[in-house]
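Enquirer: give me coordinates for this.
(chains A, B, C and D)
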4 protein chains.
Amino acid sequence: MIVITSNKASEERIGELVQLIEKHGVKAHVSKGEDRTVIGIIGQADPVLAEQLRQTSGVEQVVKISKSYKLASRDFHPANTVIKIKGVEIGGDELVVMGGPCAVETPEQIDEIARLVKAAGGQVLRGGAFKPRTGPYSFQGVGVEGLIMMAEAGEKHGLLTITEVMTPEYVDVCAEHADILQVGTRNMQNFDLLRKLGTIQTPVLLKRGFSSTYDELLNAAEYILAGGNPNVMLCERGIRTFESYTRNTLDLAAIPVLKQLSHLPVISDPSHGTGRRELVEPMTKASVAAGADGLIIEMHTDPDNSMTGDGVQSLFPDQFAKLLADLEKLSPLCGKTFNTKKEPILV
Amino acid sequence: MIVITSNKASEERIGELVQLIEKHGVKAHVSKGEDRTVIGIIGQADPVLAEQLRQTSGVEQVVKISKSYKLASRDFHPANTVIKIKGVEIGGDELVVMGGPCAVETPEQIDEIARLVKAAGGQVLRGGAFKPRTGPYSFQGVGVEGLIMMAEAGEKHGLLTITEVMTPEYVDVCAEHADILQVGTRNMQNFDLLRKLGTIQTPVLLKRGFSSTYDELLNAAEYILAGGNPNVMLCERGIRTFESYTRNTLDLAAIPVLKQLSHLPVISDPSHGTGRRELVEPMTKASVAAGADGLIIEMHTDPDNSMTGDGVQSLFPDQFAKLLADLEKLSPLCGKTFNTKKEPILV
Amino acid sequence: MIVITSNKASEERIGELVQLIEKHGVKAHVSKGEDRTVIGIIGQADPVLAEQLRQTSGVEQVVKISKSYKLASRDFHPANTVIKIKGVEIGGDELVVMGGPCAVETPEQIDEIARLVKAAGGQVLRGGAFKPRTGPYSFQGVGVEGLIMMAEAGEKHGLLTITEVMTPEYVDVCAEHADILQVGTRNMQNFDLLRKLGTIQTPVLLKRGFSSTYDELLNAAEYILAGGNPNVMLCERGIRTFESYTRNTLDLAAIPVLKQLSHLPVISDPSHGTGRRELVEPMTKASVAAGADGLIIEMHTDPDNSMTGDGVQSLFPDQFAKLLADLEKLSPLCGKTFNTKKEPILV
Amino acid sequence: MIVITSNKASEERIGELVQLIEKHGVKAHVSKGEDRTVIGIIGQADPVLAEQLRQTSGVEQVVKISKSYKLASRDFHPANTVIKIKGVEIGGDELVVMGGPCAVETPEQIDEIARLVKAAGGQVLRGGAFKPRTGPYSFQGVGVEGLIMMAEAGEKHGLLTITEVMTPEYVDVCAEHADILQVGTRNMQNFDLLRKLGTIQTPVLLKRGFSSTYDELLNAAEYILAGGNPNVMLCERGIRTFESYTRNTLDLAAIPVLKQLSHLPVISDPSHGTGRRELVEPMTKASVAAGADGLIIEMHTDPDNSMTGDGVQSLFPDQFAKLLADLEKLSPLCGKTFNTKKEPILV
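Expert: Below you'll find the predicted structure:
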C-alpha cells in the first residue's frame, strides 16, 4: 500500500501518519518528493488501515497494491478450478452449454424443452422457479413446484439443472432440487445470500451485477469461497451503459480478464447480455472465441407466449440446435471440445 | 399502449396481432402508415401483453403510455404524502435532517453524536448496525446490539432513528428498535426484502440503486406500497458513471423529477453521493435548492478513526452545525422551513 | 411518427396539434384512449416537425418510426457495400487486417513495421501522423512528413495505408498520401470534418465516439454519404463505461447490430477497445466470430519505447503474426476467408 | 510518479527500470515490499516517461502524483481568475446570467429576446449561428448573418454576446462579432479548434464533453491557456449516463470540484443539462447553491416553434424573469450578488 500526501502536509503531519501506520504492526517507508511525500507500507496491512488513511487529513491518495480478495485470486490458486458435477466438468476442456426457458411454466413445457436441450447437445437445463421482476404486478415464477418439475425433467433427459435463488431462506430447498444455484445480477451484492451460499457445497453461478466492476464481482465470489464453498463460477451477463438499443452491453473482455485474475470458471450469458434473439448467435460464438468455459442461453418452444416477456431473447429450438452444431466446429479452434452427440449424463 | 409493426409485417400478420391483443379484453385500433402500421390499444392492458407483443414477430416496437407503477404515481395520488412520526413530518413544510455516523460503534460514540445532531438542529439519528461491505474481510457492523445503543441514544436526546436493514429476516428486529428502516442502494431490487417491508407499517427510506433508473426506483417503491405499507420515502444517493473523482455522481435532477412523478417524499444523501467531505456542504445546499424534503448526512466525532472507512465523507461536528445553521437561512427561499432551535421530540 | 398527448390535453389543444401537423403537408390520424390521445402522422414528415411537437405543450411523447438516417440504412440499400481499393475488398468475403504503430516515428520504424505486417498477412498499414492527445504537452505526431514515410513504406511492401485526419483543412493532404482516412473517436461528431469528407471519394473509416450510440454513429456516416462519398466503413473501438480495468469496453454486439441496420462494412479495433496487450488476441478472435469485416490492430517493434504511450496495447511482431495465422483457420468458420500468403497488392 | 512492479519482476528487471527512469534526468527511489517493489520518481518527469513505463514489462501500475495540467490548476494560480468584459466580471462577486435562444433565427426574434433578457436582469445574450446537429438533414443554423443579427441586438440592449464556434476556420469571424466564444460539448477534444482559440484573447466558454472527466476538461482548457489565451471559463452541461428520462445528467458536484482544482470560472447549463423545461428552474437554483459563477439558460419567445427543436428545454420569457428575480434573493446566501435592475452595460 502506498500513501501519497497532499502538498500541504507538514513534516509534523507526516510524522503522525507514520505513527498511525506503525500502530497497525506494519512498517512505513517515507520518500520525500518535490511537492509531495510518499509513504510505502511494508507488510500485510489490515484493510481498515487503508480506509482510515484515505480519510485522514494530509492524505491525498491511497493506492492498494495487493488485491482485496485472496481465495478468488489466481495468485493464490494458479491452476484452473474445475467443478465436477455428475460427470460434467465446468472449467475444464469441455465447453458447457446450459439451455432452457427464462421461467419454468408447466411440467410439459419443461419436459419438452429438456428433451430439445439434450438432443442439441447441451449438458445443463436452466429455468427459473423464482423470478426477480422490476414491478410487483409481473409474473413472479411458479415457486417450489417449478423446482420439482425441472428436477424431474433434468433427471429424465440426463441433464444437470440450474436455477436462481433470490433469498437466503430458499437456499436449502433450491439446493435440494437443483445441481447449480444461480445468483442473479440484482443479488450479486446481497451479502446475506452470499454468506448462506458459502455454508453449502452446491456449485454456484454468480452473475456479475449489471453495474459492478470485475473487482466487485471477485469480492462477491470471495464471500462464498471464504464461507467454505469452493464451487463458484463467474458469469458475464452484460452491463448497463448509455446504449439502449441492446438490453445490456455484453462485456466480452470480462472473459479473458476474469480468467487472468481468477482461477474460477467463466460463463457467458448472451441472452440477457443482448436482450435480442438475433444477437444471441453471433455473441455466443464471440464468447467462445474470447475463451468462455460455458454458455447459458435461453431457449423456448413458444417464445411468443412465454410468461415473463423474456421470450424476445429466447432462441427457437432449431436455432439453438444449429448454434450448438456450429459450436462443435468452432470450439477446437478456441481451446475447448464440444460434442453434440454425447451420451446422457448418469444423474 | 402502442404497437408499431415492422415494415415487413403482412396484412395477415397484422390481423393475427389484432386477435392476440383482443384476446386480452382490450380493443385494437389499426392505423396504416406508408411503411409501417401502428396499432393503438384502448383499455387497461395487463403487463404481460406488452411483454408478449414486444417479442412477437412482426412487431418492431411497443410503446407503453401508462406507467407500470400506480400507487407510487402522482397521477394516482395528487397530494404530497406526508409521513408523520412522533411529531416529525417528512414530506411536509419542514426540512428534515438525518445525521450520524456510517456505523454505530460504541454506546459512548452514538450517544455523543446524538447529542451533537440534536444540538445542531437535526431531527433524526442515522447509524448502521448491519453494514453491507464489498469484501468479506471488512468490518460488518455490530448487529442487534447496535440497534439498542442507537435507540437509547435517540430516546435520550429526542431524535428519531433510522437504520439499514439488509435481509427479510431482520426486518422485525430492526423495526422494533428504529423509527425508520433504510433499504440500501445494493438492495433496491431485493424483492423479497421489499415484499417483507410491505407487510409492516414502519416508514421506509428506499435508496435508489446506484445504476437504477427513476422508473425502476418507483417500481421498487410500488412493491412496498402494494404490500400495504404507505410510508415510503425515496432517496437519491448518487449513481455510477464514468467519472471516478467522486465516489458517485449525485443526480440532483432526480429530486424535482421524483417529486413530479410521485407523491412520496424525496431525501438527498450528499455524503454517499459524493464520497468526499469537502463536497457535502455545497451539495447539501444544492439539494435543498432543488427541492429536497430532507437530507441524510454522515457526521462523526472522529472520522479519521471510524470503523468503516466512510469517515472520508463524514463531516466534523462543527461543520455539521455550521451547515444546519446555513440551511435555516436557505430553506425559506426554497419552500421549506428549518429551525435549529426546536424543542426535543417527545419520543 | 406517433404523438402521445399528456393526460391533461383538452379537445381544443388536440385540435390545435392536428392543425399544426397538417400545416406540414402530412395527415394526422387521431385515436382517443382512456386517458391519453394518440395522433398518428401519415406521410413523410420533415424532421423539424418532430422536434417542434416534442416541445409543444400538451404533448407527452413523440415516437419516431422512421429512422433519421437513410443512405446509411440497410432498408435503403439492402446489399452489403463492398469498398474496393487497389485489389483489396473491404466488406466482401475476405477478412481485412490493418496493422501498424499508433504513431509513425521514423522512416526506418515504419518501413520495418510495414514489412512485418505484410509478412504476417495483413493488407493495410496503419499509422498516425497527426495524433489527438488529451493534454497539450504530449507528443502530437510528426505531421505531413509522417504521411510521406508511411506512403513509401506501404508502396514498397504492397500494403494499403490508413491514417487519421483531425481537421477539415488537412483532409486534402491526407487523402493525397493515404488510401483510407480515419475519423477518430473524438471527431465522430466534428460535423465540419464529416462534411469535408463527403466531398471526396477516398474511403473513410469512421470510428464510433466513445460515448455515442449506434444511431449517432449511423447519423455521422450519413453526413459523409449525403455529401457524396459512398465509401464509408464503421469502426467499433470501445465505449466508456464505469469499468476502468480496461481502457474502454469493447462493445462487440455493435458488429452484428451495425451489419443489420446498415450495409456499410464494420471493422473492430481491439487495441483501443481494451487498452491492454494481453486482451488483443482474445478480443480479435471474438470480433471475427461476431462477424467483423476487418480488424485494426496496433503492432510495434519496440512497444516499450513507443512515442505515444499506446505501446501498452501494441502487439509484438511475433504475437501479431501468430494471431493472423490463427485467423486464417478461424475465418472460414465465421463466413470469411483470410490468407496469410497472398501476393502483394499492386499499388 | 510512483511505479509499482508486478510480483514477477526480477531484481535485474528492476535495475533496468531504474536505468530507464534515470535516462530521463530524474531520480529513482526503490522500496522493496513483500511481493512487489515500488519505485518513486523524484523530480519533474516528462509525460512520455509515464506512458513508457505503463507499457513496460515488469510494471503493473504507474501512479501519477502531479497533475497533467499546470496552467489550469489552482496549485499554479491560487487566486480565482476573474474575466472582465466591458464592465461585466465573470468569476468575481457577481453572478452572471447568459440567456437566449438555442439558435438565432431572424433579426426580430433575436432583438425581442435580447430585450427580454436585459429586462429580466441578464448580462449576456446567447444564441447559435452555427449549430452542431446529430443528423445532416436538421437545421444547421443561419451562419455569419446570425452573428451580425446577434451583435446588433446585444449592442442595442446593452448585453454581451456568446456564440458557438465549431471549426478553426470560423474562429476569427466569430470573434469579430461576439464577446465570448463557446466550444460545444462535441468539440471539447477538437484539439485543432482549441489550439486556434489559444492564439486569440477573446474569452472562451469551454463546455465539458458529455462523457469527459474533470481531468480531461482541465486538460482541454490547458490547450487554450498554453496557447496564450488566459480567458477560459469552464461549463458543466450534463453528462451521458444510463438514465434517459433527462437528456443528460447534470453533474452539479462538478462545480465545487472544478472550483477547487482550478482557478477558472465555472458556469452551469441547466437547459442542456436536463433537456426539460420544468427542470430548469430547480437546477438553476441548485447550481447557484453549489457555487456556480454563472448560468447559461435557454429562453425563447415562442419555444413551440423554435427551429432546432431545443424549444422543449427553453423557458418562456415570464419563467425566465421570475427565475432571475428569485436568483436576486438566493445569491447573497450563496456568496454572490445579483441585481436585476442594473444599468445597461456600455458596450
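Enquirer: can you list the low-confidence ranges for the stretch 201-347 of chain A?
Expert: Judged by pLDDT under 70, the stretch 201-347 of chain A has its weakly predicted residues at A:305, A:307-310, A:344-347.
Enquirer: so A:Gly227 sits against A:Leu197, correct?
Expert: Yes. In this structure, A:Gly227 is within contact of A:Leu197 by C-beta atoms under 8 Å, at 7.1 Å. In short, each C-beta sits where N, CA and C put it, glycine included.
Enquirer: so which residues on the stretch 151-300 of chain A come close to chain D?
Expert: A:211, A:240-242, A:244 (C-beta under 8 Å from any C-beta of the partner chain).
Enquirer: got a winner among these for most neighbours?
Expert: A:Thr241 (26 neighbours; other C-beta atoms under 10 Å in any protein chain shown).
Enquirer: Three-state assignment for that one, please.
Expert: coil (DSSP: H, G, I helix; E, B strand; the rest coil).
Enquirer: same question for A:Gly135.
Expert: A:Gly135 is classified as coil under three-state DSSP.
Enquirer: in the stretch 1-150 of chain A, what residue lies closest to chain C?
Expert: Per C-beta to the nearest C-beta, A:Lys67 is where the stretch 1-150 of chain A lies closest to chain C, at 11.7 Å.
Enquirer: neighbours of the closest residue to that residue other than its chain neighbours, just the number please.
Expert: Once flanking residues are discounted, A:Lys67 sits nearest to A:Ser73: 5.7 Å by C-beta to C-beta, 6 or more residues apart in numbering or on different chains. When neighbours are defined as other C-beta under 10 Å, A:Ser73 has 20 of them.
Enquirer: A:Ser73 and chain B, how far apart?
Expert: For A:Ser73, the distance to chain B (C-beta to the nearest C-beta, to the nearest Å) stands at 12 Å.
Enquirer: cool, and A:Cys235?
Expert: Note on A:Cys235: its distance to chain B, by C-beta to the nearest C-beta, is 18 Å.
Enquirer: quick one, what contacts that residue?
Expert: A:182, A:205-208, A:266-269, A:296 (C-beta atoms under 8 Å, 6 or more residues apart in numbering or on different chains).
Enquirer: hey, where'd the helices end up in the stretch 101-250 of chain A?
Expert: Using DSSP state H, counting those that start in this stretch, the helices found in the stretch 101-250 of chain A span residues A:107-120, A:144-157, A:171-177, A:191-197, A:214-227.
Enquirer: would you reformat those helices as JSON lines and include mean neighbour count and distance to chain C?
Expert: Below are those laid out as JSON lines (neighbours: other C-beta atoms under 10 Å in any protein chain shown; distance: least, C-beta to the nearest C-beta, whole Å):
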{"stretch": "helix A:107-120", "mean neighbour count": "20", "distance to chain C": "18"}
{"stretch": "helix A:144-157", "mean neighbour count": "20", "distance to chain C": "29"}
{"stretch": "helix A:171-177", "mean neighbour count": "17", "distance to chain C": "29"}
{"stretch": "helix A:191-197", "mean neighbour count": "24", "distance to chain C": "20"}
{"stretch": "helix A:214-227", "mean neighbour count": "24", "distance to chain C": "5"}
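Enquirer: export those to CSV and tack on distance to D:Gly158?
Expert: Output for the helices of the stretch 101-250 of chain A, formatted as CSV (distance: least, C-beta to C-beta, whole Å):
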stretch, distance to D:Gly158
helix A:107-120, 75
helix A:144-157, 74
helix A:171-177, 72
helix A:191-197, 62
helix A:214-227, 56
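Enquirer: report pLDDT for the residue lying closest to A:Thr5 once chain neighbours are set aside.
Expert: In this structure, A:Thr5 finds its nearest non-sequential neighbour in A:Thr37, 4.6 Å apart by C-beta to C-beta, 6+ apart. Listed pLDDT for A:Thr37 reads 79.
Enquirer: next, A:Thr37: phi, psi?
Expert: Backbone torsions for A:Thr37, taken as degrees, to the nearest 10, come to phi -110, psi 140.
Enquirer: which residues does it bridge with?
Expert: Bridge pairing for A:Thr37 (DSSP bridges) gives the partners A:Lys32.
Enquirer: pull the number of nearby residues for it.
Expert: The tally of other residues near A:Thr37 (other C-beta under 10 Å) stands at 22.
Enquirer: would you check that it makes contact with A:Val18?
Expert: No. Counting by C-beta under 8 Å, A:Val18 is not a contact partner of A:Thr37; they are 10.1 Å apart.
Enquirer: joint contacts of the two?
Expert: Common neighbours of A:Thr37 and A:Val18 (criterion: C-beta under 8 Å, 6+ apart): A:Val30.
Enquirer: so what's the closest residue to A:Tyr245 other than its chain neighbours up against?
Expert: Computed as C-beta to C-beta, 6+ apart, the closest residue to A:Tyr245 that is not its neighbour in sequence is C:Tyr214, at 5.3 Å. Residues near C:Tyr214 by C-beta under 8 Å, 6+ apart: A:243, A:245, C:254, C:257-258, C:261.
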